[in-house]
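Chemist: sequence unknown, structure follows:
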């Protein structure tokens, strides 16, 4: 049974930091590209950050470059998103996703909510 379980969300003040984690199980984690997406109420889901299967190549949305860092641990089947210098925004749900290059499969977690507000 495939599972992606996010954790680490919450309420944080502008300028603060949060570290999101995603624990994966039920598939061969090291063969999947991992990404974080976010979705605010009434808006489309947007790609935040992606990391390749080896963990040595990353990409970020322009809005988070220099502030967010994605990293993975293939030995522990986890992917993290370190978010620093958070900007004041309304609530958004952050989703962990996995994409299998061979089988062209997508897996999604249930999300964790992040709110940046004073």
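Modeler: Happy to help now that I have it. What you see is a predicted model; the values in this text were computed from it and never measured. Residues are numbered from 1 along each chain as shown.

Chemist: Run a quick neighbour tally on residue 56.
Modeler: The tally of other residues near residue 56 (other CB atoms under 10 Å) stands at 7. Placement of C-beta: from N, CA and C, glycine included.

Chemist: what pLDDT does it get?
Modeler: Note on residue 56: pLDDT of 96.

Chemist: Can you tell me the SS state at it?
Modeler: Three-state call for residue 56 (DSSP: H, G, I helix; E, B strand; the rest coil): coil.

Chemist: how close does it get to residue 74?
Modeler: According to CB to CB, to the nearest Å, residue 56 stands 11 Å off from residue 74.

Chemist: Please list all residues in contact with residue 108.
Modeler: 4, 95, 96, 97, 98 (CB atoms under 8 Å, 6 or more residues apart in numbering).

Chemist: Could you rank these by neighbour count and give me the top one?
Modeler: residue 96 (27 neighbours).

Chemist: My read is that that one contacts residue 32, right?
Modeler: No - contact between residue 96 and residue 32 fails when scored by CB atoms under 8 Å: they sit 10.8 Å apart.
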